[in-house]
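*Asks:* Okay, predicted coordinates and the sequence, questions at the end:
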Amino acid sequence: MKVIAMIPARYSATRFPGKLMKDLGGKSVIVRTYESALHTNLFDEVYVVTDSDIIFTEINSIGGKAIMSIKEHDCGSDRIAEAVENLEVDIVINVQGDEPFIDAISLGKLIDVFKKDTDKEIDLASLKVQMTNQLEIENANNVKVITDLNNFALYFSRSVIPYKRDLDNKVKFFKHKGVYAFRKEALIGFYNTPMTPLETAEKIEAIRYLEDGKRIKMIETSVESIGIDTPEDLEKALKLFV
């Protein structure tokens, strides 16, 4: 089973333009992420897929592997799918370009899902982390996920799900972490499927897989990601390299 990591990397960013090329302890953020993915030793290959000549050149300058997107894409899955369409690979892991502090343990758990799935019943695997803070639960920027008793995703939403009608109920709330592991066939199928109605409403790409009948296995993790979305995030990250 060949497993690769794909790091989608756009130069433009609404909140922090050019963030992937910012200095993080002597190297750019995207190089830090690329090298962190390599050092996990989980992957047969690691690629950066980008729409930017600057990022493409940056990765090539360190002897890394970069792929230039040909088309414009609305989401990371589409960008990755175009890149892997003609590659010989079984499992593709989406590693976020702005998260250089990679949680190798959680990524390893995602890969194990497919190693154990000998009947190939699972199309995707992804991560969830429990939320207990009410403000965090109600924040529409946090995508919530609910699962069945076997931890397959039932639905993702920006709304609070499940709705707790009985306040004494001990139901748990989970945030979806946008790290995916795909079977190549599921990823290419996503790429060739138009945006679906609920996906369009919620602006959550994972819903397209559910609407298309795909099975998403959710793995619980206690590790919160450290992403670089703002200049303040970069300042915090720099302290970890001092």
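*Replies:* It's in. Quick caveat, the model's predicted, so the values are computed rather than measured. Numbers count the residues shown, from 1 in each chain.
*Asks:* from here on, contacts and neighbour counts on C-alpha atoms
*Replies:* Fine.
*Asks:* quick one: the strands in this structure?
*Replies:* Assigned strands in the chain, in chain order: 3-9, 23-24, 27-28, 45-50, 66-68, 91-94, 124-131, 144-147, 153-157, 173-183, 216-220 (criterion: DSSP state E).
*Asks:* Let me have the ones you listed in a markdown table, extended by mean neighbour count and mean pLDDT.
*Replies:* Compiled in a markdown table, these are given as follows (neighbours: other CA atoms under 10 Å; pLDDT from 0 to 100):
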| stretch | mean neighbour count | mean pLDDT |
| --- | --- | --- |
| strand 3-9 | 24 | 94 |
| strand 23-24 | 18 | 93 |
| strand 27-28 | 16 | 94 |
| strand 45-50 | 23 | 95 |
| strand 66-68 | 20 | 94 |
| strand 91-94 | 24 | 95 |
| strand 124-131 | 22 | 96 |
| strand 144-147 | 22 | 98 |
| strand 153-157 | 20 | 98 |
| strand 173-183 | 21 | 92 |
| strand 216-220 | 22 | 96 |
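*Asks:* Select, out of those strands, the one closest to L167.
*Replies:* strand 173-183 (13.5 Å; CA to CA).
*Asks:* which residues sit against that closest one?
*Replies:* Strand 173-183 has contacts (CA atoms under 8 Å, 6 or more residues apart in numbering) with 90-96, 110-111, 123-132, 137, 142-146, 156, 161-162.
*Asks:* The same query, at a cut-off of 7 Å, please.
*Replies:* 90-95, 110, 123-131, 142-145 (CA atoms under 7 Å, 6 or more residues apart in numbering).
*Asks:* what's the angle from it to strand 124-131?
*Replies:* 160 degrees (axes from the mean of the first three to the mean of the last three CA atoms, to 10 degrees).
*Asks:* Return the distance of strand 173-183 from the chain's centre.
*Replies:* 7 Å (CA atoms, centre = their mean, to the nearest Å).
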